[in-house]
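Trainee: Here you go, sequence then predicted model.
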Amino acid sequence: MTQETPIWFREVTVAELNRLAGNNMVAHLGIEFTAIDASSLTARMPVDHRTRQPAGLLHGGASVALAETLGSFAAYLTVDDSRFSCVGLEINANHVRAMTAGWVIGTTRPLHLGGRTQIWETRIVDERERLVCISRLTIAVLATPRPLGQPAPAGAGDTVSIE
């Protein structure tokens, strides 16, 4: 049996990822990183008052936030952040199972790791491993360094040009 070659540019622990996720939307939603292996990153999110919509179901936007969190963190871990930064270009999601309580677990894996773009697929399942949501995130890899955990410079706009 051969071992899978890691895709990560640098080694990182789950504890470090959770520290970086503190004091922002990731922490507000209760997202916790739980595992990292050679080619995937996993986190869980509670289905509670922070992540449910008014009808009591898991909010689709919360599932998308979990998927974008996983894909964005994973993208950063594959590049030298002293030379590149990663920003989301597009995300889509199919919501296939309703949730009212418990935890959802998301695992992201790369579909494409290019020099200018990356594509990450995130499968979100319930605690019984039934599919809740499937999402695909496209990331732009920009030749402008911003280390993971560093805020955007003051005055940075919402628009990103990749030309």
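Mentor: Yep, it's here.
Trainee: T108 touches S40, doesn't it?
Mentor: Yes. Counting by C-beta atoms under 8 Å, T108 does reach S40; the two are 6.4 Å apart. The C-beta positions use only the backbone N, C-alpha and C, and glycine is treated the same way.
Trainee: Neighbour count: these two, which is higher?
Mentor: Legend: neighbour count by other C-beta atoms under 10 Å for T108 and S40, higher for T108 (28 against 19).
Trainee: Need the residues touching each of T108 and S40.
Mentor: When contacts are counted by C-beta atoms under 8 Å, 6 or more residues apart in numbering, T108 and S40 are jointly contacted by A74.
Trainee: and the helix or strand where E16 lies, how far out from the chain's middle?
Mentor: Per DSSP states H and E: E16 is located in helix 14-20. For helix 14-20, the separation from the chain centroid amounts to 13 Å (computed by C-alpha atoms, centre = their mean, to the nearest Å).
Trainee: what packs against it?
Mentor: strand 32-36 (3 or more C-beta pairs under 8 Å, 6 or more residues apart in numbering; DSSP states H and E).
Trainee: Now do the buried residues in the strand it packs on.
Mentor: Within strand 32-36, the residues scored as buried using 16 or more other C-beta atoms under 10 Å are E32, F33, T34, I36.
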